[in-house]
Every structure is written in C-alpha cells, then in structure tokens.
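Trainee: Got a sequence here, can you model it:
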Amino acid sequence: MASTEKPCTMLVHFDKGSPSMANEIKLELESGDGPTKADAMRRAISLLLNGETLPHLFITVVRYVQSCDDHDVQKLLLLYLETVDKRDPATGKVLPEMILICQNIRNNLQHPNEYIRGVTLRFLCRLSEPELLEPLVPSILANLEHRHHFVRRHALSAISAIYRLPNGDQLIPDAPEVVERALATEQDAAARRNAFLMLCACAQERAVAYLLTNAERVTEWPDLLQMAAVDLIRKVCRSKGRVDKGRYIKIIIALLSAPSTAVVYECAGALVSLSSAPTAVRAAANTYCQLLSSQSDNNVKLIILDRLLELRASHREVMVDVVMDVLRALASPNVDVRKKVLDLVLDLLTPRNVEEVVLYLKKEVVKTQAAEAEKGGEYRQMLVQAIHACTVKYPEVAGSVVHLLMDFLGDTNVAAAVDVVLFVREIIETNPKLRVSMIQRLIDTFYQIRASRVCVCALWILGEYSLSLSEVESAISTIKQCLGDLPFFTVSEEGESTESSKPAQQVVNSVTVSSRRPVVLADGTYATQSAATETVSAPAAALGSLASTQNLRSLILSGDFFLAAVVACTLTKLVLRLEEVQSSKVEVNKACTGALLIMVSILQLGQSSYLPHPIDNDSYDRIVLCVRLLCNTGDDVRKVWLKSCRQSFANMLAEKQFRENEEMKAKAQISHAQPDDLIDFYHLKSRRGMSQLELEDAVQDDLKAATGQFTKDADDTNKLNRILQLTGFSDPVYAEAFVTVHHYDIVLDVTVINRTKETLQNLCLELATMGDLKLVDRPQNYTLAPESSKQIRANIKVSSTETGVIFGNIVYETSNVMERSVVVLNDIHIDIMDYISPATCADVTFRNMWAEFEWENKVAVNTVIQDEKEFLNHIIKSTNMKCLTPPSALDGECGFLAANLYAKSVFGEDALVNISVEKQADGKLSGYIRIRSKTQGIALSLGDKITLKQKGASS
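Mentor: The predicted model follows:
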C-alpha cells in the first residue's frame, strides 16, 4: 500500500463489462477525428481513475491531442492531466516528461477563446506541483486584466489555490496585494466573491479592512459576496480578544433586509451565535418568522422551526413576543410542519398570550369543519390536543372553546373524537362553573356519537356530573332514546335462519369477529374483548332510519357488551342520584323500573342465539350487580357509586398535575454555575464609546456567565470512562481508544504508542464492524519512531439502534523482520444506551403502538432482587427508559407489579417495555419482561441489555 492516499478530484462511473485496451485507445488518439479522440480520452480517464497506469499513453497524448482544436478534446485533456500520475512513485519527484505540458498550458492561458482560458485556469486550481506552476504564474496574473469576467473569475481562484499550497507564498509572494487591487476594481459578482474568499483565507486582516471600509455599502453587494462577508464576520467575532464585535453585528443587522433569503437566513443564524442582546435576538426571531411565512418549501419551514426551537431554549422571553407570527405557519398543509409549530407554541404560552393563541386555534378548528382537507381529521386531532394542553395550563380559557369542540364528539375520525371527550371529561372536573352548560350540550349532542370508546366516556360523564333534577331526567331520557324500543329482538327473530332472514346479523357477525382480539389494558396486561370498539357507523341494517339517533342500540347489537355494561352502570348512578333530588317516590320507582327493564333486556340479548357471540362474563357480572343494587340500595352503596368514583378521577388529575410540577421544579433546580465562578458587574464597567447594542450584549454575556448558560466542556472524569484499552501493556504496540458517540456518527480517537526501540514502518490500523455500522475512511499507513505515539481517528456511520461490535488489528513492519507483524485488538462494543433516551407518550398511544409493532422479545425475570419496586427501578436505571405507569398505581404491597416503560431512539424508533413480576412464596420474583419495537435490532439489543443487567446492581 502507498504511504499516502492520492488526492481524487473527480468520480467517473466505470463500466467493468467492456474494458478498453491501451493499444485501442492509442490507435484512436493517433488516427481519429475530434469526436473519436474525445471518446478515447474518456476511456483513458476512466481507466486511470480505476487504478490502471497506462505509462506509454502520455507521449501519445502530448503528440496527437495537444494540437487538436476541438474544445471538448481540450477539456478532456485537462481532466487527463489532472488524473495522471505526475510524480515518480519511487523518488516522489515530478516526471521529466511533465515539462512537455507546460508550454501547452501557457498557450491555453493566452488563447483568444475565453472558454479555453477559463477551463485551463480552473484546472490549475487542482494542480499541486510547484515545478509545473512556477513558469505559468506570469500568464495567470496577466489573466486578471482579461476583458471577460469568466476568465478573471477563474484566475482569482487559481491564484488563491496556488497561494494556499505549502510553498505557495514563494510562487506568488504578492498575491494578497494583487487580489486586493483586483477586488477594488472588479464588477462581476462571482469574481468579487472569489477574491474576497482568498483574502479571508490567506490575509484575513485585509479582508476585514475591506469589509469595514465598505460597511455602508454592504447592503448593495451581490448576494454571493454578502454570504462571504457573513462567514468572515462569524469567524472574526469568534476569535479571542475581539472587542469591537458591535461594529460587525451592525453589519449583520443591516443585511437582514437583503433581498436574498439565503443571506437573510445566514445573518439571523450568525446574529444569534454572536450576540445575546435582546435587540439582536428579537431581530433574528422576527427574521425567522418572516422566512417561515414567505417560504413554500416544507423542508425549509422545518429547518427554520428547528432554529426557532433552539432560540426558545435560550431566549424564551423574546420568543414569547413572536408566538402569533409562528402560529401563521399552520397555514401549511404539511402535517410535520403543523405538529412542530404546535409543539413550539405550547411551550411559549403565558397568561398574556394564551387567549390569542386559543382563539387562533379555535378558528383553525372551524376551518377543518368547513373545508374537509385530505388529512383534516388528523389535523383536527392535533388542534384538539393543543387546545387541551392550553386549558390544562390556563383553565380560565376553557369556556371559550369547550362548546365548539363538543360539536366534534361525533367526528368520523375516532382518535379526534376520543381526544375531545377526554378533554371534556377533564374540563368538567376542573371548571365547575362550566358544568351545567357542558352537561346540557353533551345531552343535546349525544345521539351524534358513533364511536364506542367515545360513548363509554360520555356515559361516564353523564352519570357522574348530572346533579340537578332536570339534568338527571334529561340524561335518562336521552339514553332511553338512543337505546330504542325494547326488547332488542323478538322470539321469532331468534328462531329464524341466519342466512335467509337475518342479513343484518351477517354484518354484525363480521364486525364482531374482526374485533375479537386480545387488547392491552392500562397496566400492560392482556384481556379478551369482543366489543367492536372502533365502530363508527350503525351496522344493523334492520334498524333503518332509526339508526341515526339510536347509536347505543346499533353498537350493542354489534356485540359491544362492554358498552352495554357501561350503560347499566350509568343508569344505576342516575337512578341513585334521582332518589336524592326527586321528592316523588312514584317518579323514582318509574325510572328504576325502566332502568331494570333495559338491563334485563341486555342480559336476555347476551344469552340468546340472536347474536353470534354471547355476552362475556365480566360484562354479565357487572350488569347483574347493577340489577341487585337497584333492587336493594343503601347508604354505603350510594356513597361508593356517587362519590368515590368521581373522587378517584379528581385524585388522578391532581397527581398528574403534581408530577408535571415536580418535573418542572427538577429542571429548574439544575445547577448552572459554581459558587466561586467569576462575575463581572455591569454597573462597574466603562460605557465609553459603546453603542446600545454593545451594552445589551455585554449585559447578557455577564448574565450568562453568572447563570452558567455558556456551553462548558464535558467533565474530564466522564471522558476517562469512555477510554477503552485495545492492546496489552506487554505488546510492542500499545493502543487505547476514546469513543465518542454522536447520533449517527461514532468517532474513535485511537492513541498508538511504539514501545520498542525500532522504527515501525507501514503501521496500519485495520478495523472491521459487525451490525449496522459502516467505516467511512480507508486505513492509512504511518511510520512510527521508537517510543513515539500517533493519534489516529476513525469515523464510523450508524444506521440503526442496534448493538454493534468494532474489531480489528494493528499491522506493521520493522527493518529486521521481513514479514508483517500483527497485534489483535480488543473488541469495542457499542452500547444501545448511547442511542435511546427516556420519552413520554399517552396510554392510548402506547397501547396502539403495542398492538401495531410486530417484533417482540420476551425475557424471563431472573434476579436476586426480592422487592418488586426495587427491581423496577433497577430496570429503569439500566435501560435508560421512562416509567409511564404513575406512582399511585404502584403503591401498596400486593406481591404483584405491572408497569410500562417507554424510550425513543435518536433515529426516531420507539421502544416499548412491559414488566410483569410476581413475588413467589419463597420471596423470589418471577415473571416476564416484554419488549416491542418496529424493528428487530432494538428489540434484540434491549433484550440482551436487560438479560445482562437484571440480576442486580452488583452484576
């Protein structure tokens, strides 16, 4: 292998199926016309790029191609000269025959055609041999005065490339002065940009002087030059000891009004990175908002929203002022853009802007109702969830939106309707003033509900919050109307043949069979449910036009006996409430009799052969319990049914709020600065010669220093934990690696130490990977002096959340041994914990993902830990996941524990874990840990991690 990698400036596809022979190419170059020579040159370049040397072809090219006047051939000639080896592999010196091309290049630089001059100058940018470049320098400099901007543009690029070579300052010693004079007189935008970039890279002080001299005219510069100016300002202001930062920030603020959106975007980013002054940050935020509303590309919108999210983290008080401007981006039809906008806005809510935000969201909900878009249901669900979050933080705004949202209880999008009814349930508990109007509205719209899950929650609300006599009577009347006439079937219908006289039953059968599946309960356990929970339309054709109002009847006839049990419980609560508010015993007895008739009819339906599946035992026992209660009521029973259930719901909401407050307190208590950190006092500083912007910036810098908001380097002790020893201390070559994992990249900084008294030649670090890891760089050879060290960096790309392994060896040669020596390295295991982080999601979302994900890994519990909660905490700590099960659900000592854990990977993958453990008689824990994910890798890797760590803290 060569000691150094050869530079490659272009890639060309090579067809291995039809290899060209050097003799064929030589003949075509000698005898062909322009197109034939061009084709031969293309094949020669492809062969050179793919490792062929073609040593005898160079003289043929010099004799027969240099003299060709075809412009394509001349361009290909330059590409050939760019590709061919120009140095002797043995000595490293320029080949003597290369001098032959200098005269041709000089002729091209003086060619009357500007295209030939331009492409030749562009070729010289990629030529790195000083022996070839030295005689061409006068011709290159002469092209700075050419009449055509295409030539001048590439002449400036060539001067810049030559001056940046290792000894380039000897080839063109006065290059900065020449380029500065050219920049002062040049009119072409690209040529000025090239000249300015050359000064930025090679003579920064001259570039800064030019920028400050023309500070008033920067807004009139072309956008290419403005972009270069912004890059220079960013570089200059970050250098240490720079005290005149305010002058540069003024230039950037002036460029915020530039016509080019690319310049404006770069200026906003530079402004935020260079200044913490509220004026500067506010200008950047307004600029981002203007770009957000003016740009139509969704990718651009997402990038701008990411920048606004970064601003929110460090300058929340400024972002609060532009929240309404951000909301205007909801006009975009893209779901991802809308979701990111809503997430950003919900974090910027204050008592001052919450009413405006809710009013805007309310208008958006109305728009989804007026014009049904392609994903209107999904967007409406997002809006409902956003309004819900607003009212949880600020309950006083609930009254303005809750009645509008209740119109969507009958939404065909079941998820949106469920979100609405959950919102109503929470608001009716937390806002007692709205209870009466919400109950009346719910009674009026109940018949529109078509989804079973929404009906269940709405019935619970009616049973718990119907308190007055009129409300209770209206609720009972509404439920009876939605159930229709009793009984649900007649004896003759039951006895008739299913195929001939019951077409409706066939529809019912198909719905019931498809929905008879195990479901995941809130604690993660399984239960068999035969209810059609997602039914949104009445399946019973026999009901005819009555089905529009008799939604409960349709759902129960579809086999949803869980809903039937909820109907029975709700009627029981309403009758018990009626006994308290109704003085007439006759009316109470009449209502009780009607409720009992409904329950008995449901039981009769469930035990008949009219439906293909009988009633399940849980629903049957629940309904029978309701019948017994109505026949024999008591004070204890009334207290449990009318008070305890509602109190449990209030406790759940209070605990949820408490957990959120505790998380906010924990975030606020993070220590940002040490007690002995230095603080500069603003009032003691000299203000002489400082603008208002510079004063603000100085104040903000001092505040950041005081609160520790400046980014600090990671603790050195944590870095030591990331160092892995790759070889033994007795090996001739010692190696250790510092592993840095950053999302999609893994960087290995390998330190190699020669512990022998000999020089190691062609030392190479050869690595290989297993799993979804891919090496980016090819290994290079190094020469290592006795007892010296070398830092070698290897980059590895990661494509999925999966435990990977990096293995390899170090190969080297010594002067005494002819064979190559090999030192095998220890394996490096990439931990899955580097890629996943705790996350939260709703219980409904967790259960939906659990049912959807197809990869499951089941790990049996095998641990020495004997306490269930201690084992749960140990698993949470070992897997870096978040427990979704609330602490109240884990209280008590029952010998059994079930909990759900959730995490998200940097690749957007979801990791779901359910722990179910039980304490045996001997005190040991038994049970299973189930892991589910969309991809196989994360399920297997997480399972291996749990298996390794679950035994206890000592393992």
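Trainee: Strands of the stretch 851-955 of the chain, residue ranges please.
Mentor: Shown for the stretch 851-955 of the chain, the strands assigned by DSSP state E, counting those that start in this stretch span residues 855-860, 882-883, 896-905, 910-919, 925-933.
Trainee: Turn those strands into JSON lines, columns for mean pLDDT.
Mentor: Formatted as JSON lines, the strands of the stretch 851-955 of the chain follow (pLDDT from 0 to 100):
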{"stretch": "strand 855-860", "mean pLDDT": "89"}
{"stretch": "strand 882-883", "mean pLDDT": "88"}
{"stretch": "strand 896-905", "mean pLDDT": "89"}
{"stretch": "strand 910-919", "mean pLDDT": "90"}
{"stretch": "strand 925-933", "mean pLDDT": "90"}
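Trainee: closest one to residue 780 among these?
Mentor: strand 896-905 (32.7 Å; CB to CB). C-beta coordinates here come from the backbone N, C-alpha and C atoms, glycine included.
Trainee: just checking, what packs against that closest one?
Mentor: Contact partners of strand 896-905 among helices and strands, from 3 or more CB pairs under 8 Å, 6 or more residues apart in numbering; DSSP states H and E: strand 836-838, helix 843-852, helix 868-879, strand 882-883, strand 910-919.
Trainee: Please name whichever of the ones you listed is nearest to residue 437.
Mentor: Of all the helices and strands packed on strand 896-905, helix 843-852 comes closest under CB to CB, at 27.2 Å.
Trainee: List the buried residues for that closest one?
Mentor: By neighbour count on 16 or more other CB atoms under 10 Å, the buried set for helix 843-852 is 843, 846-847, 849-850.
Trainee: Which elements pack onto the one helix or strand residue 264 maps to?
Mentor: If you go by DSSP states H and E, residue 264 is part of helix 261-274. Applying 3+ CB pairs under 8 Å, 6+ apart, one finds that helix 261-274 contacts helix 223-238, helix 245-255, helix 278-294, helix 298-314.
Trainee: what's stretch 210-224 in contact with?
Mentor: Stretch 210-224 is contacted from outside by 180, 183, 189-190, 192-193, 196, 199, 226, 229, 232-233, 247, 250-251, 254-255, 257-260, 262-263, using CB atoms under 8 Å, 6 or more residues apart in numbering.
Trainee: Now the buried members of the residues you listed.
Mentor: Neighbour counting with 16+ other CB under 10 Å marks 180, 183, 189-190, 192-193, 196, 199, 226, 229, 232-233, 250-251, 255, 258, 263 as buried within these.
Trainee: end-to-end on stretch 407-422?
Mentor: Taking CA to CA, to the nearest Å, stretch 407-422 runs 14 Å from one end to the other.
Trainee: which residues touch it?
Mentor: By CB under 8 Å, 6+ apart, the residues outside stretch 407-422 that reach it are 365, 369, 377-378, 380-381, 384-385, 388, 405-406, 424, 442, 445-446, 448-451, 453-454, 457-458, 461, 534, 536, 844.
Trainee: which parts of it are buried?
Mentor: Buried-residue list, stretch 407-422, by 16+ other CB under 10 Å: 408-411, 413-422.
Trainee: With pLDDT as added columns, please give those in a markdown table.
Mentor: Below are the buried residues of stretch 407-422 laid out as a markdown table (pLDDT from 0 to 100):
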| residue | pLDDT |
| --- | --- |
| 408 | 78 |
| 409 | 81 |
| 410 | 78 |
| 411 | 74 |
| 413 | 74 |
| 414 | 80 |
| 415 | 78 |
| 416 | 78 |
| 417 | 83 |
| 418 | 84 |
| 419 | 82 |
| 420 | 84 |
| 421 | 87 |
| 422 | 86 |
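Trainee: and of these, the nearest to residue 93?
Mentor: Nearest to residue 93 among the buried residues of stretch 407-422 is residue 415, at 73.6 Å by CB to CB.
Trainee: Pass me the low-pLDDT residue ranges in the stretch 301-450 of the chain, would you?
Mentor: Scanning the stretch 301-450 of the chain for pLDDT under 70 picks out the ranges 369-375.
Trainee: So which residues of it form helices?
Mentor: With DSSP state H, counting those that start in this stretch, the ranges of helices along the stretch 301-450 of the chain come out as 316-319, 323-327, 335-346, 354-370, 376-393, 402-405, 414-430, 435-445.
Trainee: could the ones you listed be laid out in JSON lines, adding distance to residue 28?
Mentor: Shown next, in JSON lines, are those (distance: least, CB to CB, whole Å):
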{"stretch": "helix 316-319", "distance to residue 28": "66"}
{"stretch": "helix 323-327", "distance to residue 28": "64"}
{"stretch": "helix 335-346", "distance to residue 28": "54"}
{"stretch": "helix 354-370", "distance to residue 28": "68"}
{"stretch": "helix 376-393", "distance to residue 28": "62"}
{"stretch": "helix 402-405", "distance to residue 28": "77"}
{"stretch": "helix 414-430", "distance to residue 28": "68"}
{"stretch": "helix 435-445", "distance to residue 28": "84"}
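Trainee: Those: which one's closest to residue 578?
Mentor: With CB to CB as the yardstick, what comes closest out of the helices of the stretch 301-450 of the chain is helix 435-445 (14.9 Å).
Trainee: Next up, the contacts around residue 97.
Mentor: The contact partners of residue 97, by CB under 8 Å, 6+ apart, come to 58-59, 62.
Trainee: Residue 103 versus that one, what's the distance?
Mentor: For residue 97, the distance to residue 103 equals 13 Å [CB to CB, to the nearest Å].
Trainee: now swap in residue 229 and tell me
Mentor: 40 Å.
Trainee: any idea of the mean pLDDT for whichever strand or helix holds residue 132?
Mentor: Secondary-structure assignment from DSSP H and E places residue 132 in helix 130-133. For helix 130-133, mean pLDDT is 86.
Trainee: Next: stretch 216-236.
Mentor: Average pLDDT, stretch 216-236: 88.
Trainee: and that stretch, how far from the chain's centre?
Mentor: Average the C-alpha atoms of stretch 216-236, do the same for its chain, and the two points are 32 Å apart (CA atoms, centre = their mean, to the nearest Å).
Trainee: Give me the number of neighbouring residues for the residue nearest to residue 446 when sequence neighbours are not counted.
Mentor: Excluding its sequence neighbours, the residue lying closest to residue 446 (CB to CB, 6 or more residues apart in numbering) is residue 478, at 5.3 Å. Using other CB atoms under 10 Å, residue 478 is surrounded by 19 other residues.
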